[in-house]
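J.: Here is the input, now give the coordinates:
(one chain, ligands or ions: 1)
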Amino acid sequence: MIYLNDSYIKEFQATIVAVEDEKIITADSCFYAQSGGQPGDKGVLEVNDQKFNVINTIKHEKGIAHVLEEAIEEASGEIQGSIDWDHRFRLMRMHTSMHLLCAALPYYVTGGSIGLEKSRIDFDLGEETFDFETLNQIINDFIQQEHPISYQWITNEELDQQLELVRTLSVQPPRTNGQIRLVKIGTIDLQPCGGTHVANTKEIGEFKFLKYESKGKMNKRVQFTLD
Ligand SMILES: [Zn+2]
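T.: Got it, this is the predicted structure:
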């Protein structure tokens, strides 16, 4: 998918492969399809001089489905799409912050949800306790250390030999043609992930720890926002 190869691509062209109710489906897209706790992209599709607002993007058996405000009769041929970059870039900053939390808290991730206003990530912390003011400082230090984010692809077999890289029990890393993408944040985090990330931690801005809650024995929830 385009967004897996480059999360800074904001526009694309493609041929429509299907139209189903309010969905326009293409084989590939730069629109991120909702998964792994990250919402789908919004934006605009242009088809034969008509413009449609995309309110969500989801995976589909034929590729990527761009969800419109209402059903359309039919459409075919070429489309041009552009994503709502403000929405996407904020989600990229939020998502990358989740990796920094993983770097700071080396425990299994049991859940997570990324939002525009605030995001949350759940860890299986066991009996551990943390000073969350210190955690806030650690994350902001990571951001200011300007770690670059890079990618590498490995095979299923290679991942199976390094299962310690898998940080979450709840989301299986996406496998594309037998390959899994590893996301590397400088020297601090390496894990399989199919989401969208900023290119350097400095783009995240200021991290603000909001709240810590116990949601059960295996779920300790950290909520945060960004300035
Ligand atoms: Zn990620």
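J.: Give me every residue in this structure lying close to the ion.
T.: When proximity is defined as Cβ under 5 Å from the ion, the chain approaches the ion at Cys193, Gly195. C-beta: built from backbone N, CA, C; applies to glycine.
J.: Okay, strands next: where are they in the chain?
T.: 11-20, 23-26, 43-47, 50-60, 63-68, 78-83, 109-113, 119-123, 149-155, 175-176, 179-185, 189-192, 207-214, 220-226 (DSSP state E).
J.: per-stretch mean pLDDT over those strands, give me the minimum one.
T.: In terms of average pLDDT, strand 175-176 trails the rest of the strands of the chain, at a mean of 76.
J.: I would like the residues contacting that one, please.
T.: Met1, Leu4, Asn156 (Cβ atoms under 8 Å, 6 or more residues apart in numbering).
J.: who does it pair up with?
T.: Here strand 175-176 has these sheet partners by DSSP bridges: strand 179-185 (antiparallel).
J.: Give me the angle between the strand it pairs with and strand 149-155.
T.: 150 degrees (axes from the mean of the first three to the mean of the last three Cα atoms, to 10 degrees).
J.: Show the contacting residues for Tyr212.
T.: Phe130, Phe132, Lys220, Arg221, Val222, Gln223.
J.: Nearest to the ion within this structure, name that residue for me.
T.: Cys193 (3.2 Å; Cβ to the ion).
J.: Just to check, that residue is in contact with Arg181?
T.: Yes: counting by Cβ atoms under 8 Å, Arg181 is a contact partner of Cys193 at 6.8 Å.
J.: Find residues that contact each of those two.
T.: In contact with both Cys193 and Arg181: Pro173, using Cβ under 8 Å, 6+ apart.
J.: Please identify which of those two sits among more neighbours.
T.: Legend: neighbour count by other Cβ atoms under 10 Å for Cys193 and Arg181, higher for Cys193 (26 against 18).
J.: tell me the contacts of Ile188?
T.: Taking Cβ under 8 Å, 6+ apart as the test, what Ile188 contacts is Leu100, Ala103, Phe142, His147.
J.: okay if I get these as TSV plus neighbour count and pLDDT?
T.: Shown next, in TSV, are the contacts of Ile188 (neighbours: other Cβ atoms under 10 Å; pLDDT from 0 to 100):
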residue	neighbour count	pLDDT
Leu100	23	97
Ala103	20	95
Phe142	24	98
His147	21	98
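J.: chain center to the top helix by length along the chain: distance?
T.: Longest helix of the chain, by residue count under DSSP state H: helix 85-104. Relative to its parent chain, helix 85-104 has a centroid offset of 7 Å by Cα atoms, centre = their mean, to the nearest Å.
J.: which parts of that helix are buried?
T.: 88-104 (16 or more other Cβ atoms under 10 Å).
J.: count of neighbours near the residue lying closest to Ile121 once chain neighbours are set aside?
T.: Closest residue to Ile121 apart from its sequence neighbours, by Cβ to Cβ, 6 or more residues apart in numbering: Gly112 at 4.3 Å. Per other Cβ under 10 Å, the neighbour tally for Gly112 reads 22.
J.: now swap in the one 5 residues further on and tell me
T.: Burial of Glu117 is recorded as 8 neighbouring residues (other Cβ under 10 Å).
J.: now do the one 5 residues further on
T.: Using other Cβ under 10 Å as the criterion, Asp122 is surrounded by 22 other residues.
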